Every structure is written in structure tokens, then in C-alpha cells.
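In: give me a model of this one.
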Amino acid sequence: MHTATTTETHTIRQPLQVSPLLDEARWQAWVQKGLARDRRNYAARLNGIKGISTAALLAGAALNVSPDGLALRFIVTAGSVFVMWQAAQARRFAFAAVFAALALLYNPLLALLGSFGGWQRAAMVASTIPFVLSLAWGSAGHSVKEKRAS
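Out: Sure, this is the predicted structure:
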């Protein structure tokens, strides 16, 4: 009778050797994908802020809401400050100055003007112009961070 003894061998698997260049390329692609997503999200939020500010001004003018209204002043001031920050980051200092002026004009905490007078509607409609223009250049412009990265 023949008995066969089998020796059990265990194979130890070595980790798959991947080229360091391949790992770096994947990492950089992943980083770039994340940066692109962040830029899209930032642009969408900023366009939303611009749209809300424009809609508030147009609704205020259409409904003959007094510019002394706290809600209108708060919305326009907040939108102006955010867009002013974006304009300064994009080195569009003329736009930044215009939005700084709008922020001061509509500031609910420090009312520089008690009332706009009889030309309230025209002032509110005119205040939408910088927001609409910033929508146009905001999608075509690139931030300073993007220019430095490229």
C-alpha cells in the first residue's frame, strides 16, 4: 500500500508592484477632479447669491417695496459683500468698488440714506445692473487661484 504524503505549501503573495508614476498620475487626476468640482460648486453658489440679490431688487421695485425694508437691505448687502469679495479675488477692482458702494448704500445696520426719495424704483432697478453684469463675467472669468495653478 502506497501512502502519499503531501506537503502543503503556502504561497505568500507579494503586493502588486505598481509604478510610482502611475500612482502619482492617479492621485493628480483625483485631485484635479476634486478641484473642478469645488470650482463648479463655488460658481453655482455665487450665481445663486447674485440671482437672489437681483430678484430681491426687481421684486422690490415691482411691488413698490420701500428700500428702507430690513429684509431687502439685508439681502442686497449680503449679496454685494459676497460679490465684492469674488471681484477682489478675480482682481476686478472696479466691480469690487461698485459692490462696496452698493453694500454701503443698502447696509441695514448703518443706514447712510434714510430713504431713496421719489426715485426708489429707478434706484433699485439701477442697482441690479452690476449684479447682472457680474453674472456675465463671473462665468467667463477665472479666479486668481485657478490662474496660479495653471
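
In: number of residues surrounding V132?
Out: By the measure other Cβ atoms under 10 Å, the count of residues near V132 is 11. All C-beta atoms are positioned from the backbone trio N, CA, C, and that covers glycine.

In: actually N107, not the one I typed
Out: Neighbour tally, N107, other Cβ under 10 Å: 17.

In: tell me the contacts of it?
Out: Residues in contact with N107 (Cβ atoms under 8 Å, 6 or more residues apart in numbering) are R73, T77.

In: tell me the buried residues in stretch 87-106?
Out: Residues of stretch 87-106 classed as buried: 87-88, 90, 92, 95-96, 98-100, 102-103, 105-106 (neighbour count, 16 or more other Cβ atoms under 10 Å).

In: show me where the chain has helices.
Out: Counting by DSSP state H, the chain has helices at residues 20-62, 70-89, 93-106, 120-140, 144-149.

In: ok, which of those helices comes nearest I12?
Out: In terms of Cβ to Cβ, the element of these nearest to I12 is helix 20-62, at 23.0 Å.

In: and that closest one, what does it pack against?
Out: helix 70-89, helix 120-140 (3 or more Cβ pairs under 8 Å, 6 or more residues apart in numbering; DSSP states H and E).

In: before we move on, back to that, can you list the buried residues of stretch 87-106 in a markdown table and add pLDDT and distance to V76?
Out: Listed next are the buried residues of stretch 87-106 as a markdown table, based on pLDDT from 0 to 100; distance: Cβ to Cβ, whole Å:
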| residue | pLDDT | distance to V76 |
| --- | --- | --- |
| A87 | 88 | 16 |
| A88 | 91 | 18 |
| A90 | 86 | 21 |
| R92 | 89 | 19 |
| F95 | 89 | 16 |
| A96 | 92 | 16 |
| V98 | 92 | 13 |
| F99 | 91 | 10 |
| A100 | 92 | 13 |
| L102 | 89 | 7 |
| A103 | 90 | 8 |
| L105 | 85 | 8 |
| Y106 | 84 | 4 |
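
In: between these, which sits nearest K50?
Out: Using Cβ to Cβ, F99 comes nearest to K50 of these, at 10.3 Å.

In: what's the closest non-adjacent residue to that closest one?
Out: Nearest-residue entry for F99: M84, 3.7 Å, with adjacent residues in sequence omitted and distances by Cβ to Cβ, 6 or more residues apart in numbering.

In: and the pLDDT at the one you found?
Out: pLDDT, M84: 92.

In: all set, thanks.
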